[in-house]
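Undergrad: Need coordinates for the following:
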Amino acid sequence: MRAYWQFYWPLALTGLAMVLSIQFQNAALARFPDAARELAVFALAYGTFGFFRASLNFINQLSNVYARSRHGARRTLQFVLLASAVLTLPLLGLGWLPAGDALLRAVYGIDAALSDRVTEYLRYLAPLVVISALRFYYTGLLIQARLTGWVTLLNAMFLSTVILGLVVGFSLGLEPVVVLVGAEAAAMLLHLAATLVAVRLRYRPPTVAEHESLTFRELTAFFVPVSTTGVMFALSRPVLYAFVSRTPGGIVAIAAMRVAFDFSMLFQQAANQFRHFFVTFGLDDLARKRRFMMLVCAGITALMLLFAVTPLSNLIWRDLMRIPDDVRALAVDVILVMCLMPAVIVFRNYFHGRLMVERRTAGMAAGAILRVAGIYGACQGLFALGWLDHVTASFVLILGFVIEAGVVVHAARRGQADQNGQGERDTATAKM
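TA: Sure, this is the predicted structure:
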């Protein structure tokens, strides 16, 4: 258990640093004139950007699993560069082509003035896809070598750079898109450079080389299902926003949902680190791992409830971040619903970890697709009945993750049954 804590807490702090940067972005947006509109524009733009970048979220695990020899590392890096370049192209189309602007207006149900602001963000954000992919690849190498303390330190530097960039940009009176994207781009570039230095100085490949004949086909077979999981996660919010934007007061509701969803990620990211947990420590000692995960889940949920039901929400959102009162009132309702999320995420990630270690990631993709389908169907029904608002939309998000968890549980158990059946057949053959 002590080894688990020593490995886990730097990763939890790492995720915290990354998600905290979003809180400072929201705080900066709240200080511009017409803050609710600025928050909504950034929610739509970043949600669209996140749809493409989210497929890269498992590159940490990809490099952890496959970059275990000179050839494996080189081939994995080539794959990462190719995949990120391909993902950048449609994002550039949305930002620069008239058809992209028309598509955004149709999907989100927004007017031309709002879509112009969204496409402006996308033009600035598109190049960050490749930079993000490289950061994830080299961070995965540090995690593979159990250098999670370095990962935390580097991400604290990332957070500090974002904050400095936001303060400087806002003080100079720059446009919101320049302030927000400029701060993140500067932080990403500095983080990438520092991570490369850390890998060169401290990383040592595994003693026993693996994947010395690694092919793009093997990488694709692993990456496509897990990237689908990431894409479907990123698609969950845009689907909700697309329906909520068509309701009365939709812009304020979207702003509130962004604030609350982003804040809940401070806690959710701690649960997501369990994917590294299984890849690194394997599938033995499962009972002890389950106890450890339940302890973490209980702590996360308690902290979320403490924020939601005490004056802490006013202290942080009203006094520190200066979120407008109409947005903040709705955000408190959303965060109360989101207190259900940690238990669902921890349960799902327990089976995600098992599927990744066993290299059977297709079940993850199926679960993610059905999650989004469930969210879409529920939103469609609630919208038709006139019951869709910020609260019911938040419950729909939880429902989607429950559906996904059910699918990955089934996939994990079916895989275990297949392994048991194969073992029995092998035993019978040996006796013959």
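Undergrad: Give me the phi and psi for N272.
TA: phi -70, psi -20 (degrees, to the nearest 10).
Undergrad: ugh, wrong one, I meant V208
TA: phi -100, psi 110.
Undergrad: next helix or strand past the helix or strand where R328 lies?
TA: Using DSSP states H and E, R328 sits within helix 325-338. Next along the chain after helix 325-338, taking DSSP H and E as the criterion, comes helix 341-357.
Undergrad: can you list the weak-confidence ranges in the stretch 301-432 of the chain?
TA: 415-432 (pLDDT under 70).
Undergrad: Go again with 90.
TA: 320, 345-368, 408-432 (pLDDT under 90).
Undergrad: those strands in it, which residues are they?
TA: Counting by DSSP state E, counting those that start in this stretch, the stretch 301-432 of the chain has no strands at all.
Undergrad: Please enumerate the helices of it.
TA: 312-313, 325-338, 341-357, 362-385, 390-431 (DSSP state H, counting those that start in this stretch).
Undergrad: Check the stretch 151-300 of the chain too.
TA: 176-202, 216-244, 250-272, 274-281, 286-309.
Undergrad: Could you pull up the residues touching the closest residue to Y376 other than its chain neighbours?
TA: Nearest residue to Y376 in three dimensions, chain neighbours excluded: V239, at 5.5 Å (C-beta to C-beta, 6 or more residues apart in numbering). The C-beta positions use only the backbone N, C-alpha and C, and glycine is treated the same way. The neighbours of V239, taking C-beta atoms under 8 Å, 6 or more residues apart in numbering as the test, are 372, 375-376, 379.
Undergrad: Export those to TSV and append columns for distance to P324.
TA: Conversion of the contacts of V239 to TSV gives the following (distance: C-beta to C-beta, whole Å):
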residue	distance to P324
V372	30
I375	27
Y376	30
C379	25
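Undergrad: Which two among these are spaced furthest apart?
TA: Using C-beta to C-beta, the two most remote members of those are V372 and C379, lying 10.5 Å apart.
Undergrad: top of the contacts of V239 by neighbour count?
TA: I375 (26 neighbours; other C-beta atoms under 10 Å).
Undergrad: Distance of that residue relative to L128?
TA: Distance from I375 to L128, counting by C-beta to C-beta, to the nearest Å: 26 Å.
Undergrad: Check Y138 too.
TA: 16 Å.
Undergrad: Compare those two (neighbour count), which wins?
TA: Higher neighbour count among Y138 and L128: Y138, with 25 against 20, using other C-beta under 10 Å.
Undergrad: what's around Q268, how many residues?
TA: Neighbours of Q268 (other C-beta under 10 Å): 21.
Undergrad: Please list all residues in contact with it.
TA: 341-342, 345.
Undergrad: how about the helices of the stretch 1-150 of the chain, start to end?
TA: Counting by DSSP H, counting those that start in this stretch, the helices of the stretch 1-150 of the chain are 2-29, 35-53, 59-66, 70-96, 98-108, 112-125, 128-144, 148-171.
Undergrad: ranking the ones you listed by mean pLDDT, which is last?
TA: Lowest mean pLDDT of the helices of the stretch 1-150 of the chain: helix 2-29, a mean of 75.
Undergrad: Leaving out the residues flanking it, which one is nearest to V332?
TA: S313 (5.5 Å).
Undergrad: From V259, how far off is the one you found?
TA: Counting by C-beta to C-beta, the gap from S313 to V259 is 10 Å.
Undergrad: neighbour-wise, which of these two wins?
TA: V259 (29 against 20).
Undergrad: The more buried one is in contact with I323, isn't it?
TA: Yes - V259 lies in contact with I323 (C-beta atoms under 8 Å); the separation is 5.8 Å.
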